[in-house]
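Peer 1: Compute the structure for the input listed below.
(4 chains)
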2 protein chains.
Amino acid sequence: MVDGMKADILKGHLDLLLLAIVEGGPQHGYAVIEELRRRTEGAIDLPEGTIYPALHRLERAGLLRSSWSEVNGRRRRSYSLTTGGKKAAREKRREWTAFALTVQRVVGAPAWPTMA
Amino acid sequence: MVDGMKADILKGHLDLLLLAIVEGGPQHGYAVIEELRRRTEGAIDLPEGTIYPALHRLERAGLLRSSWSEVNGRRRRSYSLTTGGKKAAREKRREWTAFALTVQRVVGAPAWPTMA
DNA sequence: AGTTGACCCCTAGCGTCACAAGGTATAGCG
DNA sequence: CGCTATACCTTGTGACGCTAGGGGTCAACT
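Peer 2: Here you go, the predicted structure:
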């Protein structure tokens, strides 16, 4: 994470980010990192030591399913959402929204700008 | 935390919540818990084992200052913001907003409702 | 008088998780 | 041959929210 975003704020929200990325179609770990960087214009730039264990954890939890392939002589492990993963993505999105609104209410920042 | 808000999502954001509460004037630990519960209609209901260590941590970090008093025969430790605490509150609020917008961009939820 | 519940403080230890730091291997370019 | 980009992995550490206890005061009810 760069740009004044300190490290640990991610805690507990990483799963949603990963599920949201994979929701758009199967992705391998390295590509997930790039996609996160792309969508956030560099604001979220996670090290491999963060995302690989996280993907394994999500697979162990039954939310992701992986399959190996070979592209240009390089091994790739691609992840896709399981049925439970799709459900979890919806649920975690809901939780995130509730959480964000709640925090907003407490810290009492100015009205939230509507997304473009 | 109740209402579908799982525990660990707080990670890294608790400091901001506490600073935001104390920003409105000196508060003691127990009162902070109640105020959080009040402002969020019960959505954020933290155990004492969470907030007392957190307040100590913030005091050690120089963001809060505490003083003991006695009310109705009960000891109270009241916390107030230091200069650094005020600065940190502003900074963390900024970080939170940036973080929330960034996550929002990734998970691609519908446009954020403007706060009432 | 005893018990319950609200108020008010504290700590030790646990589990989780993001991260740093290291490792492996291939492909392509200078 | 080194260097960079791609692509995967693991071990260890630190941070921190929470569980589960420990204090103690006071009012109200039994």
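Peer 1: Quick one: mean pLDDT for the longest helix belonging to chain A?
Peer 2: As assigned by DSSP state H, the longest helix anywhere in chain A is helix A:83-107. Averaging pLDDT along helix A:83-107 gives 95.
Peer 1: So which other helices or strands are in contact with it?
Peer 2: helix A:14-23, helix B:14-23, helix B:29-39, helix B:83-107 (3 or more C-beta pairs under 8 Å, 6 or more residues apart in numbering or on different chains; DSSP states H and E). Where C-beta positions appear, they are placed from N, C-alpha and C, glycine not excepted.
Peer 1: tell me the angle it makes with helix B:83-107.
Peer 2: 150 degrees (axes from the mean of the first three to the mean of the last three C-alpha atoms, to 10 degrees).
Peer 1: Next, name the residue at the spatial heart of chain A.
Peer 2: By C-alpha atoms, centre = their mean, chain A has its centre lying nearest to residue A:17, at 1.8 Å.
Peer 1: Chain neighbours aside, what residue packs nearest to it?
Peer 2: Computed as C-beta to C-beta, 6 or more residues apart in numbering or on different chains, the closest residue to residue A:17 that is not its neighbour in sequence is residue B:106, at 5.5 Å.
Peer 1: pretty sure that neighbour is touching residue A:21, no?
Peer 2: Yes. With contact defined as C-beta atoms under 8 Å, residue B:106 reaches residue A:21; the gap is 7.3 Å.
Peer 1: what residues are shared contacts of those two?
Peer 2: When contacts are counted by C-beta atoms under 8 Å, 6 or more residues apart in numbering or on different chains, residue B:106 and residue A:21 are jointly contacted by residue A:36.
Peer 1: CA-only coordinates of stretch A:37-50 in CSV, if you can.
Peer 2: Presented in CSV, the C-alpha positions along stretch A:37-50 are these (Å, rounded to 0.1, in the frame of the first residue of the first chain):
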residue,chain,number,x,y,z
ARG,A,37,-2.9,-2.1,-8.6
ARG,A,38,-4.7,-1.2,-11.9
ARG,A,39,-8.2,-0.7,-10.4
THR,A,40,-6.8,1.5,-7.6
GLU,A,41,-4.2,3.4,-9.6
GLY,A,42,-1.5,2.0,-7.4
ALA,A,43,-3.1,2.8,-4.1
ILE,A,44,-3.4,-0.9,-3.3
ASP,A,45,-0.1,-2.7,-4.2
LEU,A,46,0.2,-5.9,-2.2
PRO,A,47,3.3,-8.0,-1.8
GLU,A,48,3.2,-11.6,-2.9
GLY,A,49,3.7,-12.7,0.7
THR,A,50,0.2,-11.2,1.4
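Peer 1: Buried residues, it. List them.
Peer 2: For stretch A:37-50, the neighbour count (16 or more other C-beta atoms under 10 Å in any protein chain shown) marks A:39, A:40, A:43, A:44, A:46 as buried.
Peer 1: which residues touch the one residue in chain A that gets nearest to chain B?
Peer 2: Using C-beta to the nearest C-beta, the closest approach of chain A to chain B is made by residue A:11 at 3.2 Å. Applying C-beta under 8 Å, 6+ apart, we find residue A:11 in contact with B:8, B:9, B:11, B:12.
Peer 1: on that earlier part again, can you redo the helices and strands packed on helix A:83-107 as a markdown table with distance to DNA strand C?
Peer 2: Conversion of the helices and strands packed on helix A:83-107 to a markdown table gives the following (distance: least, C-beta to the nearest atom of the strand, whole Å):
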| stretch | distance to DNA strand C |
| --- | --- |
| helix A:14-23 | 3 |
| helix B:14-23 | 12 |
| helix B:29-39 | 3 |
| helix B:83-107 | 11 |
